[in-house]
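>>> Build me a model:
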Amino acid sequence: MLREDGFALLEEVEGKADLLLTDPPYGTTKLAWDREPDWKAFFALARRALKPGGNLVFFASGKAVFRAAKALEELSWAFYELVWPKRTPTGFYDAGRRPLRAHEWILVAPRTWGASTYNPQKWRAEELRGRVRRQVAGGKHWDRTDPVPYEDDGTRHPLSVLPAFGLTPEESLGHPTQKPLALARYLVLTYSNPGDLVVDPFAGSGTFGAAALALGRRFLGAEKDPEWRQKAARRLEAVQPELFPAAGGAE
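Numbering: from 1, shown residues only. Now for the predicted structure:
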């Protein structure tokens, strides 16, 4: 279920992936694990890996956002962006020179624009449900004192600025870029269907895989760091132990 080489994994699943959901390194630090991928090479492999109705959904921050967007445009791959507001800001080292960073970008590139999976996760506006509006509607004449019938089921279309999903103490594994499970579930529900194959070539702590398996999707991932590959494997095994060998191996 977990490989070492993410690019090799994308080649392996050519034409089979329904959702590529991943959090690549951003290149915002000089740490060894934070080296940006070759965006053009990554996107070329991703496009070949996806089914016609699939989606590429990936996180980015800092200048990586613009480099990734430029590479997508050069490949004529249409995309749109989401913003995830973070509960815990970063960038305190530069706080005297610029605002703290309290958001990350999520770029969504449908394999086939207008025909890829999209299941909007509507939110509920409870305070509006079942009310009426005192206004003229539908071109009809109403007495100024009478309420106008108004249908409202209390749901609203999702926004490009996502809810401020946060990492809970219970799920935190200590990975430097671990994403909240609730955020992963939101993206899996929005951009895939039950039984779909979700692929993460930069699996890290395995959050996207854990969400995918828990929601009835299939999952394949890759993580080059052997320690985190092992930790992610244990996490995924806890979600669906029948997918792993008796010894609990990750390969």
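>>> Against which helices or strands is the lowest-mean-pLDDT helix or strand in the chain packed?
Least confident element among the helices and strands of the chain, by mean pLDDT, DSSP states H and E: strand 123-124 (a mean of 79). Strand 123-124 is packed against strand 155-156, with contacts defined by 3 or more C-beta pairs under 8 Å, 6 or more residues apart in numbering; DSSP states H and E. Using the backbone N, CA and C atoms, a C-beta is placed for each residue, glycine as well.
>>> With residue 99 as the reference, measure out to the closest residue to residue 193 other than its chain neighbours.
In space, residue 193 comes closest to residue 117 once its chain neighbours are excluded; the distance is 6.1 Å by C-beta to C-beta, 6 or more residues apart in numbering. Using C-beta to C-beta, to the nearest Å, residue 117 is found at 36 Å from residue 99.
>>> Tell me how many other residues surround residue 185.
Residue 185 is flanked by 19 other residues according to other C-beta atoms under 10 Å.
>>> er, residue 66 actually
Around residue 66 there are 11 residues (other C-beta under 10 Å).
>>> Check whether it sits in a helix, strand or coil.
At residue 66 the chain is in helix, as set by DSSP: H, G, I helix; E, B strand; the rest coil.
>>> Could I get the full set of helices for the protein?
6-12, 39-49, 64-74, 181-191, 207-214, 226-239 (DSSP state H).
>>> Which one of those helices lies nearest to residue 85?
Relative to residue 85, the nearest member of the helices of the chain by C-beta to C-beta is helix 181-191, separated by 10.7 Å.
>>> in the stretch 1-150 of the chain, which ranges drop under the pLDDT threshold?
Within the stretch 1-150 of the chain, the ranges that satisfy pLDDT under 70 run 26-35, 125-150.
>>> And for the stretch 151-251 of the chain?
Within the stretch 151-251 of the chain, the segments meeting pLDDT under 70 span 151-153, 242-251.
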